[in-house]
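[1] Predicted coordinates and the sequence they were generated for:
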Amino acid sequence: MAPLPFRFLARSSAAVLFTAVAIACGSSSSDSPSPDGGTSGSHDAGVTGTTGTTGDTGGSTPTGTAGDAGGTSGDGGTSSEAGAPGPSPITMTTGTVWYVRLDGGTATQCDGQADAAYTGKGSDAGPQQHCAFSNPYYLWGNDVTYGETPKWKIAGGDSVVFKGGPFRMGYKGPNDSDYWAQCPGNPYECEMPTVPSGTAGKTTKLLGENFASCTSKTQLFGGYGLGTVLPLNGAKYVDVACLELTDHAQCNKTSSTEHCNTGYPLDDYSDNGITTDVNTANLGLYDLDIHGFTSRAIIGPIGGLVTVDRVRGAYNAGAGWDFDDGNGTMSAAGAQVNATGLTIEWNGCIEEYPIVDANPAHMCWDQNDGGYGDGIGTPNTGLNFTCDHCLFDHNTQDGLDLLHTSGSTIKVTHSLSYANMGQQWKMGAMQNVLFQNNETVHNCNRMSAAIPGAPASYNQGLSLFCRANGDGFAFSMTNTSTYTFQNNTFVGYGTVSYDIGCSGSDCSGAKLIFENNIDLGYADPLTGNTPPALFYAESGVAAMPFTTRDHNIAYGFHTDQCPTGFTAETCASPQLTNQPTFTSEASLDDFDFHLATTSPAIGAGTNLATVTDDYSGTARPQGAYDIGANQP
């Protein structure tokens, strides 16, 4: 299969080592600052894909896949597309359907229950017309009485359809007189109240008009200091689909420059796209593009199941998806995220507004300059997490950072991580981890150099490249952990590819399974062109911690011994379709992980009954079983 091009979607408007190594490797910890980052902007890009249709069981995992996230590492800076739009898992049920459209009326002019414009017949003095509301705020307020209490007109199980747009969320203007009657004097918390909960058979729905196939998204943009566009704290059995959440400003709230004006007259910024809390459960997020906020795309712990399908969090100045609400609140016991087609990219950067460049990273910051930049981060908590066809790239700290999560079950499949400034993947002391059919480019210094389509100034606030000693994949085990790595392809430089830690003094009982993997090392440009080590075992981890290790290929790692002594392991070039020589940071762009016809990985793997396809979704085996994430 040809490499899938990664593109920005415009705004609508050879020595080897394959044993334990003895290289000093320091801490790979990650400290999350309080959530008050900054950015803004707007574009109508989105993660798309295909998915089967389920019934209306809000928050249930839809069947199908998100499409092929590609066979390449990207083009050095543009966002990805994970397939074509597919059918939505959302179906209308028997509740009332409410409509919001720009040509609708106020709450005194219209009843909000018809997909129709306001014609001038309804008024304060007469009966309401059967027509749509002109703004979402009329769904929970009348904007008549100063200081009125916001109260939803919709009931649990109802649906709200946003047509046309874009729709402003927050104050009507930048001054203190531009308030809604429900929130005078407080633009920062002028938000919707808790969404009425639905039921397992009849979820409450907030929908863009194209929710059935979502070929384009309806925009809700926060502004004038609004804290959150969609606060879903306490939401239960609620589905949100086919929306673009953003703001219309170009500023942040944490770095040394480009600050938002947080007093009157306010800049047109908003902090977060979505917030959650420990009472949020059975939440479905489908076909969302959440970008340009001063803090996070999504922030807060969760209280149960959250299902995610084709959601993108990008160019948010604080982080992408942060499960830390700033107070270290833990998610509820048994909390679960099931994600398909999740893209988390370019967080730690503020987005241009209006957008001028193909890659609208106006300026990025890291922790050395008041920023943060994790793709996904958590406090110390339990959190079960499944991610299929996911993408993590160009975040100014780590990609998928679950280092502070423990005792959980993690499953990552058919996913890609590259060009994040810290580790590409991080796992805490989990109970079970399955890491299968994934691709990694560990080029943590990539954002130190120019990136096609991005403004020349995008990286002026960056300096903490390859933080935490430049490890590619850091994970920790307990004495009862099981970590399974099967049919992955990992390429890149750094101190060490796999940093294996122990939570406690003895992890000799842990199970570490390593089969059918390809690892390709490049000399590290930050350490005098020293090739990386493949494994590093920290204190408490046996020098050879593997319970099963066979049928792997490693090439380009600094030498200790080869052959390794493990069954069917090869110290030879894997001969991938595009396997460039490293001459600059751009060298690893558009890396193609498919096997060349001459690759020693072809037919050299062990048959794994649980691995039935490859990264691209092609059935395994095609003849004999291949090593690596992608077949030829």
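    Alright, I've got the coordinates.
[2] so how far does stretch 558-578 reach from one end to the other?
    Using C-alpha to C-alpha, to the nearest Å, one end of stretch 558-578 lies 22 Å from the other.
[3] Would you point out the helix or strand in the chain whose mean pLDDT is lowest?
    strand 20-21 (a mean of 28; mean pLDDT, DSSP states H and E).
[4] C-terminal to that strand, what's the next element?
    Downstream of strand 20-21, the next assigned helix or strand under DSSP states H and E is strand 97-105.
[5] May I have the strands that pair with that following strand, each with its orientation?
    Within its sheet, strand 97-105 is paired with strand 133 (parallel), strand 159-163 (parallel), according to DSSP bridges.
[6] Highest mean neighbour count out of these?
    When you average the neighbours per residue for each of those (mean count of other C-beta atoms under 10 Å), strand 133 leads with a mean of 26. Bear in mind the C-beta positions are built from the backbone N, C-alpha and C, glycine included.
[7] got the contact list for that strand?
    The contact list for strand 133 (C-beta atoms under 8 Å, 6 or more residues apart in numbering) reads W98, Y99, V100, R101, G104, G105, T106, A107, C110, G112, L139.
[8] can you give me the offset of that strand from its chain's centre?
    Relative to the chain's own centre, strand 133 is displaced by 33 Å; criterion: C-alpha atoms, centre = their mean, to the nearest Å.
[9] Need the buried ones from the contacts of strand 133 selected in PyMOL.
    Applying 16 or more other C-beta atoms under 10 Å to these, the buried members can be selected in PyMOL as follows:
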select buried, resi 98+99+100+101+104+105+106+107+110+112+139
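[10] got the contacts of strand 133 as CSV, with distance to D366 columns?
    Shown next, in CSV, are these (distance: C-beta to C-beta, whole Å):
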residue, distance to D366
W98, 43
Y99, 44
V100, 39
R101, 42
G104, 44
G105, 48
T106, 46
A107, 46
C110, 48
G112, 45
L139, 40
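[11] would you turn the contacts of strand 133 into TSV with distance to G504 and pLDDT?
    Formatted as TSV, these follow (distance: C-beta to C-beta, whole Å; pLDDT from 0 to 100):
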residue	distance to G504	pLDDT
W98	54	98
Y99	57	98
V100	54	98
R101	58	98
G104	60	97
G105	64	96
T106	62	96
A107	59	96
C110	62	96
G112	57	98
L139	51	98
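[12] measure stretch 287-299 end to end?
    Span of stretch 287-299 from end to end, C-alpha to C-alpha: 18 Å.
[13] That stretch - what's its average pLDDT?
    What stretch 287-299 shows for mean pLDDT is 98.
[14] same thing with stretch 227-241?
    For stretch 227-241, mean pLDDT rounds to 98.
[15] buried residues in that stretch?
    For stretch 227-241, burial by neighbour count (16+ other C-beta under 10 Å) applies to 227-241.
[16] How about the contacts made by the residue nearest the centre of the chain?
    Compute the mean C-alpha point of the chain, and by C-alpha atoms, centre = their mean the closest residue is I344, 2.9 Å away. Residues near I344 by C-beta under 8 Å, 6+ apart: 297, 312-314, 320-321, 375-376, 390-392, 395, 399-400.
[17] I'd like the next helix or strand past the host helix or strand of it.
    With secondary structure defined by DSSP H and E, I344 is part of strand 343-345. Moving toward the C-terminus from strand 343-345, the next helix or strand (DSSP H and E) is strand 349-351.
[18] Can you name the element that comes right after that next one?
    By DSSP H and E, the next helix or strand past strand 349-351 is strand 361-364.
[19] ok, that next one: who's next to it in the sheet?
    Note on strand 361-364: by DSSP bridges, its sheet partners are strand 349-351 (antiparallel).
[20] for the strand it pairs with, what is the average pLDDT?
    Across strand 349-351, pLDDT averages out at 97.
[21] ok so, going back, let me know the closest of the contacts of I344 to A609.
    Nearest to A609 among the contacts of I344, counting by C-beta to C-beta, is C390 at 24.0 Å.
[22] wait, that closest one sits on N338?
    No: counting by C-beta atoms under 8 Å, C390 stays clear of N338, with 11.3 Å between them.
[23] okay, those two: which has more neighbours?
    Set side by side, C390 and N338 show more neighbours around C390, with 30 against 20, by other C-beta atoms under 10 Å.
[24] And the pLDDT at that one?
    For C390, the predicted pLDDT is 98.
[25] Quick check: the gap between it and H404.
    Distance, C390 to H404, using C-beta to C-beta, to the nearest Å: 19 Å.
[26] again with T94
    As defined by C-beta to C-beta, T94 lies at a distance of 43 Å from H404.
[27] Between the two, point out the one with more neighbours.
    Set side by side, T94 and H404 show more neighbours around H404, with 21 against 9, by other C-beta under 10 Å.
[28] Confirm for me that T378 is in contact with L400.
    No: assessed by C-beta under 8 Å, T378 is found out of contact with L400, at 10.4 Å.
[29] show me what contacts the residue lying closest to K153 once chain neighbours are set aside?
    Leaving aside its sequence neighbours, K153 sits nearest to L139 (C-beta to C-beta, 6 or more residues apart in numbering; 5.8 Å). Shown in contact with L139 (C-beta under 8 Å, 6+ apart): W98, V100, G112, F133, W152, K153, I154, V160, M192.
[30] Farthest pair within the residues you listed?
    Among those, the pair separated by the greatest distance (C-beta to C-beta) is G112 and M192, at 14.3 Å.
[31] any low-confidence regions in the stretch 51-200 of the chain?
    Low-confidence segments of the stretch 51-200 of the chain (pLDDT under 70): 51-87, 93, 122-126.
[32] run the last query once more with 90
    The stretch 51-200 of the chain contains residues with pLDDT under 90 at 51-94, 120-128.
[33] which residues sit in contact with A523?
    Applying C-beta under 8 Å, 6+ apart, we find A523 in contact with Y493, N529, T530, P531, G556, F582.
[34] can you rerun that using 7 Å?
    Contacts for A523 were tallied using C-beta atoms under 7 Å, 6 or more residues apart in numbering; they are Y493, N529, T530, P531, F582.
[35] The last one against G521, yeah?
    Right, F582. No: between F582 and G521 there is no contact under C-beta atoms under 7 Å: 10.1 Å.
[36] beta partners for A474?
    For A474, the beta-bridge partners are K426, D499 (DSSP bridges).
[37] That one and H414, how far apart?
    Counting by C-beta to C-beta - A474 and H414 are separated by 22 Å.
[38] What of T106?
    Going from T106 to H414 by C-beta to C-beta gives 48 Å.
[39] cool, P545 as well?
    26 Å.
[40] Neighbour count: the two, which is higher?
    Using other C-beta under 10 Å, the more surrounded residue of P545 and H414 is H414, with 25 against 21.
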